[in-house]
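# requesting a structural model of the entry that follows:
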Amino acid sequence: MMMTYEGKSVFEGIAIGKLAVYRKVEQSVKRIKVEDPEAEIARYADAREKACAELGVLYDKAVKEVGESGAEIFEAHQMMVEDGDFIDSAENIIRTEGVNAEFAIAQTGDNFSAMFAGMDDEYFRGRAADVKDISERIIRILSGGAAGGILADEPVIVVADDLAPSETVQMDKDKILSFVTVHGSANSHTSILAKTMAIPAIIGADIPLSDEVDGKIGIVDGFEGKVYVDPDPETLQKKQALLEKEMKRKELLLQLKGKENVTLDGQKINIYANIGNTRDLALVLQNDAGGIGLFRSEFIYLGSQDYPTEEEQFAIYKQVAQTMAGRKVIIRTLDIGADKQADYFELPHEENPAMGLRAIRICLTRPEVFRTQLRAILRASAYGKISIMFPMIISVKEVKKIKDILAAVKAELDSEGIAYDHEIETGIMIETPAAVMVAEELAKEVDFFSVGTNDLTQYTLAIDRQNASLDEFYDPHHPAILRMLQMIADAAHKGGAWAGICGELGADLSLTKEFLAMGYDELSVSPGMILPVRKAVRETDVAEYKKVR
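Have a look, this model is predicted:
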């Protein structure tokens, strides 16, 4: 009989296969009185050295499999092994109680883990599992034990109480379809590893870790956050169809990953990703984006009950910059208003909000909000390759005003001795007909343009894109839009800027050849569209297309 268990999905996808319950090697630690505490302390020091060496090997393995950001946990574990407070506590127990090192480490591990688990901060609660992991590693080395694992000669869905990062990395990836845990946190390093390894994963599932599950056929649906044990034929058929769709997408990914975005006749274009939060970073890396062409910073504001502080914003921008490891990250400044409202901004009611107080207009009328964001972005630029983009521009006067504010913020940071990228690139969104008409003058003021085709279409056609009853009139392929797009690319290059598209039209595969022919330098699309767009680029001969267009 089919059983269904619900949990929280940390990575989307479908997995179908045998369920295998992961059983940790139980380490029973006995309290043994010792004659020579100093000899036990020496044993502990030797075990720490071996643990660090093991973690170094795991780090190297993880770098190859999931990249540096996914492997950082093992550097963190090495630091925890050598943590002075932990060592002092364990050595103190050995000396004062005259006990064996294994018992002292187990006691200290329990104490520190309980301390972290009791904290309010979710990040620190997640560290409780890390402490247990390193304690168990040192105890295993001291007692000469072997690591636990999964014995499987075919790919399986791993079911466990919880999984430490070291356990997931040591698993043979060819034998893992997915994993399901009873405990665990969405912010845990294991979840992060799951995302970067692109394994469907569910945490917090109330699933029994017994023969009731072990060896049975199961389905993990990372889209719904459900696990099906002994699925009925109808469910199995439905999920298999979903799996086939996913497999086709992955085949495309495997064929195109690492390939250049270059046409048959040698024209190159950058393909970047649009994201709204840090949770999307795994998808950006998984889909092999060249960078982030649009980080929608307004989602930080929309997800907050009050104005996000400089520190809160800085932490997010820094994380994005570090994760992208030198690849370009274009952060769009606050684009709130119209259909994106945050109550604490107390924006006035407007008859026509799409044409009202929104985006850069809010920033220029509330400079204190703008300056806070600019400080956070500039500070984060010391940690990666960040560019700043300003939305809803209609005039050169606005751009000059923005540049004055930016210069003042830079001077402020200089006076405080705070590091930032002094050559930070700046650009603007072209999404109004006014900006199109003065594009050449605008290009002389900035480093790049990015076309917001959604708003540009709505303003050009005088059609509210939120109004479903006007869908038959809304035509993003309208000749006027396409002519404007050509004008924008030409004006950018003439004025010394590069040009990209970050609106929905950038992912329209029927127009990829057209954008290449227009001379666009970059297309920024949702992560899932990066490889399909790359495929279209690599199959295009621009010179031939220009002859028949």
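# CA only for contacts and neighbour counts going forward, please
Fine.
# got the CA coordinates for the strand ranked longest in the chain in PDB?
If you go by DSSP state E, the chain has its longest strand at strand 14-21. Output of strand 14-21 as PDB, limited to C-alpha atoms (Å, rounded to 0.1, in the frame of the first residue of the first chain):
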ATOM      1  CA  ILE A  14      12.300  13.900  -9.300                       C
ATOM      2  CA  ALA A  15      14.000  10.700  -8.200                       C
ATOM      3  CA  ILE A  16      12.600   7.100  -8.500                       C
ATOM      4  CA  GLY A  17      14.400   4.100  -7.100                       C
ATOM      5  CA  LYS A  18      15.000   1.900  -4.100                       C
ATOM      6  CA  LEU A  19      15.000   3.500  -0.700                       C
ATOM      7  CA  ALA A  20      18.100   2.800   1.400                       C
ATOM      8  CA  VAL A  21      18.100   3.700   5.100                       C
END
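# give me the contact list for stretch 89-107.
29-38, 40-41, 43-44, 108, 135-136, 138-139, 142-143 (C-alpha atoms under 8 Å, 6 or more residues apart in numbering).
# may I see the buried residues of that stretch?
By neighbour count on 16 or more other C-alpha atoms under 10 Å, the buried set for stretch 89-107 is 89-95, 98-107.
# now, those residues that are in helices?
Counted as lying in helices by DSSP state H, out of the buried residues of stretch 89-107, are 89-95, 101-107.
# ok, I202 - contacts?
Counting by C-alpha under 8 Å, 6+ apart, I202 has contacts 7-11, 179-181, 220, 222, 225-226.
# 6 Å instead?
7-10, 180 (C-alpha atoms under 6 Å, 6 or more residues apart in numbering).
# how many neighbours does A480 have?
Number of residues near A480 (other C-alpha atoms under 10 Å) recorded here: 13.
# check which helix or strand covers the nearest residue to it once chain neighbours are set aside.
Nearest residue to A480, sequence neighbours excluded (C-alpha to C-alpha, 6 or more residues apart in numbering): T460, at 7.9 Å. Here T460 sits within helix 453-461, counting by DSSP states H and E.
# tell me how many other residues crowd T181.
Neighbour number of T181 under other C-alpha under 10 Å is 24.
# next one: R534
Close neighbours of R534, defined as other C-alpha under 10 Å, add up to 23.
# also the one 10 residues further on?
Other residues near E544 come to 12 when the count uses other C-alpha under 10 Å.
# equivalent analysis for E312, please.
So E312, with other C-alpha under 10 Å, has 12 neighbours.
# for it, helix, strand, or coil?
helix (DSSP: H, G, I helix; E, B strand; the rest coil).
# buried stuff in the helix holding T460?
453, 455-461.
# just stretch 472-481 next, same as before
Quick answer for stretch 472-481 (16+ other C-alpha under 10 Å): 474, 476, 481.
# what packs against the helix or strand harbouring H493?
Assigned by DSSP H and E, H493 belongs to helix 479-495. With contacts taken as 3 or more C-alpha pairs under 6 Å, 6 or more residues apart in numbering; DSSP states H and E, helix 479-495 sits against helix 439-443.
# mind listing residues that contact the helix it packs on?
Counting by C-alpha under 6 Å, 6+ apart, 396, 491-492, 495, 497 sit against helix 439-443.
# follow-up on the earlier one: mind checking pLDDT for the residue nearest to A480?
Confidence at T460, expressed as pLDDT, is 93.
# got it, and K397?
Looking at K397, its pLDDT is 96.
# which SS class is it?
K397 ends up helix, using three-state DSSP.
# residues touching it, list them.
With C-alpha under 6 Å, 6+ apart, K397 has no contacts at all.
# can you name the element that comes right after the lowest-mean-pLDDT helix or strand in the chain?
The weakest-scoring helix or strand in the chain, judged by mean pLDDT, DSSP states H and E, is helix 189-197 (a mean of 59). The first helix or strand that comes after helix 189-197 along the chain, using DSSP H and E, is strand 201-203.
# got a pLDDT number for L252?
pLDDT, L252: 76.
# which one is it nearest to, not counting chain neighbours?
L531 (7.1 Å).
# roughly how far is the helix or strand hosting the one you found from the heart of the chain?
Assigned by DSSP H and E, L531 belongs to helix 530-538. Here helix 530-538 is found 21 Å from its chain centre; the criterion is C-alpha atoms, centre = their mean, to the nearest Å.
# got a list of contacts for the helix or strand just after it?
Remark: after helix 530-538, the chain's next helix or strand is helix 542-548, criterion DSSP H and E. The contact list for helix 542-548 (C-alpha under 6 Å, 6+ apart) reads A517.
# any idea how far I394 is from L442?
As judged by C-alpha to C-alpha, to the nearest Å, I394 and L442 stand 9 Å apart.
# looking at these two, which one has more neighbours?
Neighbour count, other C-alpha under 10 Å: between I394 and L442, L442 has more, with 29 against 21.
# give the buried residues for whatever helix or strand A408 lives in.
Assigned by DSSP H and E, A408 falls within helix 396-415. By 16+ other C-alpha under 10 Å, the buried positions in helix 396-415 come out as 396, 399, 402, 405-406, 409-410, 413.
# and the closest residue to Q240 other than its chain neighbours, what's its pLDDT?
Leaving aside its sequence neighbours, Q240 sits nearest to I16 (C-alpha to C-alpha, 6+ apart; 7.7 Å). Looking at I16, its pLDDT is 95.
# which residues touch D162?
181, 183-184 are the contacts of D162 under C-alpha under 6 Å, 6+ apart.
# M355: how many residues sit nearby?
11.
# got it, and E212?
Residues near E212, counting by other C-alpha under 10 Å: 10.
# now it, what's its secondary structure?
coil.
# where's it relative to I377, distance?
52 Å.
# distance check, the residue nearest to Q240 against V227.
With C-alpha to C-alpha as the criterion, I16 and V227 are 10 Å apart.
# surely A315 is within a helix?
Yes - under three-state DSSP, A315 sits within a helix.
# K132 sits in which helix or strand?
helix 122-143.
# counting contacts, what elements does that helix pack onto?
helix 101-117.
# state the mean pLDDT of the helix it packs on.
The average pLDDT within helix 101-117 is 91.
# any idea of the angle it forms with helix 122-143?
Angle of helix 101-117 versus helix 122-143, following axes from the mean of the first three to the mean of the last three C-alpha atoms, to 10 degrees, is 170 degrees.
# that'll do, ta.
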